[in-house]
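S.K.: Got a sequence here, can you model it:
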Amino acid sequence: MVHEPILVLAATGGQGGAVTEALLARGARIRALVRDPARSAARQLADRGVEVVAGSLSDPDSLTAAMRGVAGVFAFTTPFEAGVEAEVGQGRAILSAAARERVPHLVFSSVAGADQDSGVPHFESKARIEAELAAGDVPYTVLGPTYFFDNALGGAERIRDGVLDLPLPPDRKLQQLARPDLGAFAAHVLLDPAAYVGQRIELASDAPTPTQMAAALGAALGREVRHEYVPLTAIGSADMHAMWTFLNGPGYRVDIPALHAAHPEVHWTGFADWARGTWAARG
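M.R.: Reported below is the predicted structural model:
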């Protein structure tokens with residue numbers, strides 16, 4: 001068992017939170033980097049025995065301090081607050097701190113498709129970080145999550161009104177991932193890294209079509225939900241337009257049966273099970 005702490009960056013966010021939960025379930029020592037240790041989510045982690053430290057993905061000094069004496073790091077970057085160049089800057093700050101502190105193993109959560117010349121800005125920014133990671137001397141593993149189940153919650157009001165809006169044909173499969181499955185996989189890699197160093201592993205839990213997603217959401221809500229196709233021309237964000245163009249074209253290409261067979265230690269949540277649990281919890 002790993003005795004030094006595992007550092008989780010952005011530990012109160014969606015991905016960092018899932019990794020923290022999975023590490024806690026396995027009894028690991030955890031150091032959590034958060035912006036504000038006084039926030040309730042951070043205080044709750046501290047109450048559960050997590051070592052909470054203040055810092056930011058764009059502050060190299062706080063990253064360096066947080067990485068001192070760790071067994072491994074779960075790293076995550078985001079373009080959705082300050083843009084893709086800021087995201088690349090976060091990646092460089094993380095890699096610089098990891099090199100300075102000689103971190104034994106860094107798990108970087110990128111995105112599935114980042115190695116496909118997708119033309120999607122927030123995929124390409126992660127590809128740039130991956131390239132710098134591969135060129136450095138910090139032992140690393142790259143995880144590539146597909147589309148998260150939770151993204152459907154952005155349209156929760158419309159789904160409650162009986163409509164699932166998606167810019168995909170009704171019979172087009174969309175590879176997707178449950179956040180707890182990402183957490184469980186990342187925890188496994190962080191606690192037993194030897195077999196994963198230098199690997200890039202893309203992750204998906206299920207691949208429902210929009211029609212199947214609508215049916216599962218309807219079953220969870222106890223009412224009819226239908227898929228409504230959103231034309232690509234209606235997507236205002238250039239980044240989101242590029243992503244949905246990619247997902248309508250080459251798309252993700254995870255070999256889901258092979259992934260699941262190789263990793264039976266992960267529960268691998270089906271979309272219908274996620275829908276049932278999530279919408280029941282939301283009332």
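S.K.: all strands of the stretch 51-200 of the chain, in order?
M.R.: 51-54, 72-76, 106-109, 140-145, 147-148, 163-166, 176-177, 200-203 (DSSP state E, counting those that start in this stretch).
S.K.: Looking at these, spot the one closest to residue 36.
M.R.: Residue 36 lies closest, by Cβ to Cβ, to one member of the strands of the stretch 51-200 of the chain: strand 51-54, at 7.1 Å. The C-beta positions use only the backbone N, C-alpha and C, and glycine is treated the same way.
S.K.: what lines up beside that closest one in the sheet?
M.R.: Applying DSSP bridges, strand 51-54 is found paired with strand 30-34 (parallel).
S.K.: For the helix or strand immediately after the strand it pairs with in the chain, buried residues please.
M.R.: Sequence-wise, the next helix or strand downstream of strand 30-34 (DSSP states H and E) is helix 40-47. For helix 40-47, a neighbour-count test (16 or more other Cβ atoms under 10 Å) marks 42, 45 as buried.
S.K.: Kindly report the same for stretch 192-203.
M.R.: Quick answer for stretch 192-203 (16+ other Cβ under 10 Å): 193, 196, 200-203.
S.K.: who touches that stretch?
M.R.: For stretch 192-203, contacts defined as Cβ atoms under 8 Å, 6 or more residues apart in numbering pick out 72, 104-105, 110, 112-113, 115, 130, 139-146, 177, 181-182, 185, 189, 252-254, 259.
S.K.: again, only using 7 Å
M.R.: 72, 105, 112, 115, 139, 141-146, 177, 181-182, 185, 189, 254 (Cβ atoms under 7 Å, 6 or more residues apart in numbering).
S.K.: out of the strands of the stretch 51-200 of the chain, which comes closest to residue 225?
M.R.: strand 163-166 (5.6 Å).
S.K.: quick one, phi psi at the spatially closest residue to residue 189 that is not a sequence neighbour?
M.R.: Of all residues not flanking residue 189 in the chain, residue 196 sits nearest, at 4.7 Å (Cβ to Cβ, 6 or more residues apart in numbering). The phi and psi values for residue 196, taken as degrees, to the nearest 10, are phi -120, psi -10.
S.K.: pLDDT score assigned to residue 196?
M.R.: pLDDT for residue 196: 97.
S.K.: What of residue 82?
M.R.: 77.
S.K.: Next, count neighbours for it.
M.R.: The local packing of residue 82 (other Cβ atoms under 10 Å) involves 12 other residues.
S.K.: and what of residue 4?
M.R.: Based on other Cβ under 10 Å, the number of other residues close to residue 4 is 13.
S.K.: how about the residue lying closest to it once chain neighbours are set aside, what does it touch?
M.R.: Take residue 4 and drop its neighbours on the chain: the residue closest to it by Cβ to Cβ, 6+ apart is residue 71, 3.9 Å away. If a contact means Cβ under 7 Å, 6+ apart, then residue 71 has 2, 4-6, 104 as its contacts.
S.K.: Could you list the low-confidence segments of the stretch 151-283 of the chain?
M.R.: Scanning the stretch 151-283 of the chain for pLDDT under 70 picks out 281-283.
S.K.: Show me where it has its helices.
M.R.: 156-160, 179-191, 210-221, 238-248, 256-262, 271-282 (DSSP state H, counting those that start in this stretch).
S.K.: sorry, back to before: looking at the contacts of residue 71, which are in strands?
M.R.: Among these, the members found in strands (DSSP state E) are residue 6.
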